[in-house]
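1. Generate coordinates for the sequence data below:
(2 chains)
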2 protein chains.
Amino acid sequence: MSDLSHALNETAEAVTEALARLLPEPMGHEGRVAEAMRYACLAGGKRLRPFLTVSSARLFGVEGEPALRTAAAAEMIHCYSLVHDDLPAMDDDDLRRGQPTCHIQFDEATAILAGDALLTYAFEVLAGDATHPDPSVRCELVSGLGMAAGPAGMVGGQMIDLAAADNELDLAGITRLQNLKTGALIAFSCEAGAILGEATPDHRQALAAYGRDLGLAFQIADDLLDIESTEAELGKAVGKDADHGKATFIDLLGLEGARDYSRQLVDSAIGRLDSFGKGAILLEEAARFVIDRRN
Amino acid sequence: MSDLSHALNETAEAVTEALARLLPEPMGHEGRVAEAMRYACLAGGKRLRPFLTVSSARLFGVEGEPALRTAAAAEMIHCYSLVHDDLPAMDDDDLRRGQPTCHIQFDEATAILAGDALLTYAFEVLAGDATHPDPSVRCELVSGLGMAAGPAGMVGGQMIDLAAADNELDLAGITRLQNLKTGALIAFSCEAGAILGEATPDHRQALAAYGRDLGLAFQIADDLLDIESTEAELGKAVGKDADHGKATFIDLLGLEGARDYSRQLVDSAIGRLDSFGKGAILLEEAARFVIDRRN
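-> Reported below is the predicted structural model:
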């Protein structure tokens, strides 16, 4: 097993354990919402965002509970966004990672509430004393996550995406959509390590920029996997986004163009890590992994 | 006009102006979510929670931007909860304050996103420098609002309420439901003034207890208004909750019993304010107003 796979697995286990410990236990008549929160967060997933937070925190010597709580908060936001995106009024998906989505397993009302509860709880975790001894650091984490997740970040991106079938997005438009929808939270997950480590503004900006490049490369890799796996499995050349009339990077750049662009982004992401030297080797490997993965 | 009406109007205007200033302006392809956020927050309402925050902050000499930002954050949470509660999968309401609800005016997906965005943005506002010079105060506000709004507060209460048609709730059960669903955010709105004012634990607890009593009295008054206005307008003795098979305080205590209980709660609420002397006169009047109001 490579060092990267080992580190990915180790962080995934640690953050899953932290989520299991932090999330409320089902109790009383409201227990169903706690059950649904746990279902949404504990059913697996790559835990990419937690890995980025834990790895970037380590660059500044921050380990243990502060890194894990911050990583868990970012993952709660990611999981809430999946629960709400899967709702019938949104993308209307019944399956996620081979399991029934939250509103299928429970019901729509419970899924809406579980998403709301995860979103709320992420901020409560960040503001808690155990996240960092310095309250100004905790406030920066809350502000940063708020900006990444809110109307100028993830929610704004999801709004553009829902409107995208009606809007002809060009390359600048689709890049902005993806930067908001997935890039902002990935960039925050990287920057959060620097916030926890009370790093210099240069280091903080470098990690955020690494995250933005990585996030976009990740999205293009997703588009490519969507087409390649559809070709292999269903024998047709178009994926789900294309079926929905939404422009993808592949429509705009072609298959080879999209592959080239994702490689350029990974090179750029790795370049952002120059000032960290060998300490950032896992983040470098993670960037390469993002476009080489097969799922 | 009484001092209370004057103060209520003045705070409502100030907090509406603060909301209009703080909420994002519609721009770009994602502008629709900002439009829906503004629609949900700027269409009126009593602004009871902001009034409680501004009035309790004033007890400790806190005025201006810190009080208004905190009040606006509590109101964003209240407004998001109305947007999500009105959704077809929840209470399925088309009208709110005589206007189309958010998902009718826009669409379901936009209403879900606008609620998510308001919830996220409330925490971002609280964590911002302008809310209080001391970051530990800002963290306490974030934690307090998180607890009041999350699975152990408002969302938990809404979960109990949705399950309530299937659960036979007794007086203790319905009291707990209402304490979570509406009481927790009202209690936070009161306690927030003490947090901003870096008050003693005694003062902070007194204001939270005042808010819990007030919140419950408010809810019983709502049940009574529901029945009384239904009787007057429709000539039948049961309101909407009773139609839905949900137990109310009136089912359990009878009309007179419920009226007595709400009066006892208001007396109790006013008793909590003893240590503040005449400074708390507006909060005393607000408690009486809650059970005397006609809408």
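
2. Would you map the strands across chain A?
-> A:95-96, A:99-100 (DSSP state E).

3. can you list the ones you listed in a markdown table and add mean neighbour count?
-> Backbone N, C-alpha and C define where each C-beta goes, glycine included. As requested, the strands of chain A are arranged in a markdown table below (neighbours: other Cβ atoms under 10 Å in any protein chain shown):
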| stretch | mean neighbour count |
| --- | --- |
| strand A:95-96 | 15 |
| strand A:99-100 | 14 |
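
4. Scan chain A for its longest helix.
-> Longest helix of chain A, by residue count under DSSP state H: helix A:201-234.

5. for that one, which positions count as buried?
-> Neighbour counts over helix A:201-234 (16 or more other Cβ atoms under 10 Å in any protein chain shown) mark A:203-204, A:206-224, A:226-227, A:230 as buried.

6. Tell me where the model's unsure across the stretch 1-150 of chain A.
-> A:1 (pLDDT under 70).

7. how about the helices of the stretch 51-200 of chain A, start to end?
-> A:64-85, A:102-105, A:108-127, A:135-149, A:154-163, A:171-178, A:184-196 (DSSP state H, counting those that start in this stretch).

8. Can you convert the ones you listed into CSV and add a column each for distance to chain B and mean neighbour count?
-> Below are the helices of the stretch 51-200 of chain A laid out as CSV (distance: least, Cβ to the nearest Cβ, whole Å; neighbours: other Cβ atoms under 10 Å in any protein chain shown):
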stretch, distance to chain B, mean neighbour count
helix A:64-85, 6, 25
helix A:102-105, 8, 21
helix A:108-127, 3, 27
helix A:135-149, 3, 25
helix A:154-163, 4, 25
helix A:171-178, 7, 18
helix A:184-196, 11, 28
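
9. How many neighbouring residues does A:A36 have?
-> 27 (other Cβ atoms under 10 Å in any protein chain shown).

10. B:G183 versus that one, what's the distance?
-> Going from A:A36 to B:G183 by Cβ to Cβ, to the nearest Å gives 23 Å.

11. same thing with A:I270?
-> For A:I270, the distance to B:G183 - Cβ to Cβ - is 52 Å.

12. I figured A:E124 was touching B:P151, is that so?
-> No. Using Cβ atoms under 8 Å, A:E124 is not in contact with B:P151, being 9.6 Å away.

13. before we move on, the earlier item: please list which of the buried residues of helix A:201-234 are also close to chain B.
-> Among the buried residues of helix A:201-234, no residue is within reach of chain B (Cβ under 8 Å from any Cβ of the partner chain).

14. ok so, going back, which one's more surrounded, A:I270 and B:G183?
-> The neighbour count for A:I270 versus B:G183, taken as other Cβ under 10 Å, is higher for B:G183 (26 against 19).

15. What's the separation between A:E284 and A:L253?
-> Between A:E284 and A:L253 the distance is 25 Å, computed by Cβ to Cβ.

16. Kindly report the same for A:P50.
-> In terms of Cβ to Cβ, A:P50 sits 31 Å off from A:L253.

17. Which one's more surrounded, these two?
-> Neighbours per residue, other Cβ under 10 Å: of A:P50 and A:L253, the larger number sits with A:P50, 28 against 18.

18. Apart from its chain neighbours, what residue comes closest to that one?
-> A:A71 (3.5 Å; Cβ to Cβ, 6 or more residues apart in numbering or on different chains).

19. correct me, but that neighbour touches A:R49?
-> Yes. Assessed by Cβ under 8 Å, A:A71 is found in contact with A:R49 at 7.1 Å.

20. Now for those two: what residues contact both?
-> A:S189 (Cβ atoms under 8 Å, 6 or more residues apart in numbering or on different chains).

21. For A:G279, give its distance to A:A67.
-> For A:G279, the distance to A:A67 - Cβ to Cβ - is 15 Å.

22. From A:H132, how far out is A:P201?
-> 18 Å.

23. I meant A:R58, not that one.
-> Distance from A:R58 to A:H132, by Cβ to Cβ: 15 Å.

24. higher neighbour count, these two?
-> A:H132 (26 against 20).

25. Quick check: phi and psi at that one.
-> Here is the backbone geometry of A:H132 (degrees, to the nearest 10): phi -170, psi 140.

26. For the closest residue in space to A:R49 that isn't next to it in sequence, report the pLDDT, please.
-> Residue nearest to A:R49 in three dimensions, not counting chain neighbours: A:S189, with 4.1 Å by Cβ to Cβ, 6+ apart. A:S189 carries a pLDDT value of 98.

27. how far away is the nearest residue to A:P100 once chain neighbours are set aside from chain B?
-> Nearest non-adjacent residue to A:P100, counting by Cβ to Cβ, 6+ apart: A:D94, 6.6 Å away. A:D94 is 16 Å from chain B, where distance means Cβ to the nearest Cβ, to the nearest Å.

28. Ramachandran angles for A:D94?
-> According to degrees, to the nearest 10, A:D94 has phi -100, psi -20.

29. so it makes contact with A:Q105?
-> No. Between A:D94 and A:Q105 there is no contact, the gap being 9.9 Å when judged by Cβ under 8 Å.

30. overlap in contacts of these two?
-> Between them, A:D94 and A:Q105 share no contacting residue, judged by Cβ under 8 Å, 6+ apart.

31. Run through the residues that contact the nearest residue to A:F276 once chain neighbours are set aside.
-> Excluding its sequence neighbours, the residue lying closest to A:F276 (Cβ to Cβ, 6+ apart) is A:L59, at 5.7 Å. Contact partners of A:L59, counting by Cβ under 8 Å, 6+ apart, are A:G193, A:A194, A:G197, A:A199, A:H203, A:L207, A:F276, A:G279, A:A280.

32. In this structure A:L255 contacts A:I227, no?
-> Yes. The pair A:L255 / A:I227 is scored as a contact, 7.4 Å apart, by Cβ under 8 Å.

33. how close does A:L252 sit to chain B?
-> 16 Å.

34. And the pLDDT at the residue nearest to that residue when sequence neighbours are not counted?
-> Spatial nearest neighbour of A:L252, chain neighbours left out: A:L171 (5.2 Å); criterion: Cβ to Cβ, 6+ apart. As predicted, A:L171 sits at a pLDDT of 92.

35. next one: A:N167
-> A:N167 carries a pLDDT value of 65.

36. swap in A:G257?
-> On pLDDT, A:G257 comes in at 95.

37. How much space separates it from A:A247?
-> 14 Å.

38. Kindly report the same for A:A34.
-> With Cβ to Cβ as the criterion, A:A34 and A:A247 are 40 Å apart.

39. Among the two, which residue is more densely surrounded?
-> In this view A:A34 and A:A247 are compared by other Cβ under 10 Å, and A:A34 has more residues nearby, 22 against 19.

40. how about that one, what does it touch?
-> A:L23, A:P24, A:E25, A:P26, A:M27, A:A117, B:P151.

41. My guess is the last one contacts A:P26. True?
-> Right, B:P151. No. Between B:P151 and A:P26 there is no contact under Cβ under 8 Å: 9.8 Å.

42. The two - which one has more neighbours?
-> B:P151 (29 against 15).

43. Report the contact partners of the closest residue to that one other than its chain neighbours.
-> Distances taken as Cβ to Cβ, 6+ apart place A:A117 nearest to B:P151, at 4.3 Å, with adjacent residues excluded. Taking Cβ under 8 Å, 6+ apart, we find A:A117 in contact with A:V33, A:A34, A:M37, B:G150, B:P151, B:V155, B:G156.
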